[in-house]
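Peer 1: compute the structure for the input listed below.
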Amino acid sequence: MDDTVLLAIGTRKGLWLATSGDGRKTWDVTGPHHAMTEVYAVAIDTRGPVPRLLAGVTSEHFGPSISTSDDLGLTWQEPDHAPVAFPESTDASLARVWQIAPGPASQPEVVYAGTEPSALFRSTDGGRTYSFVEGLWNHPHRPDWHPGGGGQAVHTVLPHPADDQRVLVAMSTGGVYRTTDGGDSWHPSNTGVRVSFMPDEYPEFGQCVHKVTASLEAPERMYLQNHHGVYRSDNGGDTWESIADGLPTDFGFAMVVHPSKPDVVYSFPIEADARRFPPDGKCRVYRSDDAGKSWTGLHQGLPTTGFWSSVLRDALCVDDAEPTGVYFGSRTGEVFASADEGEHWQRLVEHLPDVLTVRAAVIRA
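Peer 2: Purely as a prediction, here's the structure:
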């Protein structure tokens with residue numbers, strides 16, 4: 001039996017699932033699952049005996065929650081009580097779940113959730129229920145974390161693949177923070193990331209980070225898309241250096257690293273904060289094969305003119321097939337897929353609602 005590639009597409013009005021069992025030549029698409037809910041966060045957890053889907057859903061009627069499925073979306077389960085909830089002592093309430101991140105392989109039942117307002121929750125039962133990570137919430141910088149254009153949220157959670165005490169989070173605004181003691185204490189990790197709109201252009205914190213991605217093969221290698229600025233770290237986030245040269249613009253939201261090649265990273269540049277379109281209306285994914293020293297625009301099969309949409313921070317992803325597949329969804333409801341690391345593209349689906357997140361994984365036979 002051939003392996004199946006699963007692509008989860010979260011949108012403003014529900015979740016769609018696309019599967020391919022023929023080497024990503026053709027796709028079967030089902031949905032909407034969780035119709036008329038915002039799906040900001042999706043994870044495909046392949047660490048257990050069966051793959052588990054986790055979807056951060058926000059219903060106008062029932063509010064935000066996390067649903068799980070152990071049968072690839074045929075049925076969904078949700079606890080009777082809210083799986084993610086702020087303690088009463090915080091005087092805060094959950095607006096939405098922005099990120100769901102399975103923990104390291106050594107902790108197969110651990111799952112993290114990043115939320116709005118900016119907080120982190122940790123599950124030890126595979127993502128069914130979550131506990132509040134007080135160490136991040138109690139950080140003395142928290143009163144000075146302010147909303148970005150999309151809200152004030154932890155949108156990136158990166159558990160270290162080899163050290164279960166290390167986790168990195170990123171938020172808009174606030175920047176990057178890391179823990180090395182399992183979440184008891186957190187330290188800002190923004191050295192070298194420029195903030196053009198502040199008097200001190202290199203502050204300890206306060207950066208409007210849009211996305212951070214890390215290599216599983218070499219976890220000290222990280223890439224960061226800022227609100228103007230593209231960066232790389234070779235020391236796990238201790239310091240950052242600019243790698244924006246060669247890109248048409250240093251503004252964007254999405255960034256993802258190749259699953260097995262730490263020097264290969266993908267970006268979708270947008271003109272600027274006040275002009276959130278691809279440069280010249282050309283739909284192009286940019287790839288660096290040398291850790292950001294140079295960039296190549298990939299466009300074979302993509303719209304070459306008149307593409308005035310954009311790609312959000314979690315709407316670009318890769319799978320772990322061979323060769324690696326690359327996927328992105330637009331705010332105008334198109335999803336594109338490449339089965340050869342970005343060299344050639346096909347339109348997988350169109351006319352969906354606003355795409356908020358895409359996640360892909362190989363479901364091995």
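Peer 1: neighbours around the residue nearest to residue 166 when sequence neighbours are not counted, how many?
Peer 2: Leaving out its chain neighbours, the residue that sits closest to residue 166 by C-beta to C-beta, 6 or more residues apart in numbering is residue 160, at 3.7 Å. (Each C-beta comes from the backbone N, C-alpha and C, glycine too.) Around residue 160 there are 20 other residues, counting by other C-beta atoms under 10 Å.
Peer 1: do the same with the one 4 residues further on
Peer 2: The burial metric for residue 164, expressed as a neighbour count using other C-beta under 10 Å, is 15.
Peer 1: thinking it is in contact with residue 106, fair?
Peer 2: Yes - the criterion here is C-beta atoms under 8 Å, and residue 164 meets it with residue 106 at 5.6 Å.
Peer 1: sorry, back to before: OK, contacts around the residue nearest to residue 166?
Peer 2: 104, 166-168, 219 (C-beta atoms under 8 Å, 6 or more residues apart in numbering).
Peer 1: and it, how far from residue 145?
Peer 2: Applying C-beta to C-beta, to the nearest Å, the value for residue 160 to residue 145 is 23 Å.
Peer 1: swap in residue 133?
Peer 2: Noted for residue 133: a distance of 15 Å to residue 145, by C-beta to C-beta.
Peer 1: also residue 25?
Peer 2: 45 Å.
Peer 1: compare those two (neighbour count), which wins?
Peer 2: The neighbour comparison of residue 25 against residue 145 (other C-beta under 10 Å) goes to residue 145, with 21 against 9.
Peer 1: ok, and the closest non-adjacent residue to the more buried one?
Peer 2: Nearest to residue 145 is residue 174, by C-beta to C-beta, 6+ apart, at 3.9 Å.
Peer 1: residue 38 is in contact with residue 63, isn't it?
Peer 2: No - contact criterion C-beta under 8 Å: residue 38 and residue 63 do not qualify, at 11.0 Å.
Peer 1: the more surrounded of these two?
Peer 2: Neighbours per residue, other C-beta under 10 Å: of residue 38 and residue 63, the larger number sits with residue 38, 22 against 13.
Peer 1: which strand residues bridge the more buried one?
Peer 2: residue 58 (DSSP bridges).
Peer 1: just checking, residue 2 touches residue 19?
Peer 2: No - applying C-beta under 8 Å, one finds residue 2 not in contact with residue 19, separated by 11.3 Å.
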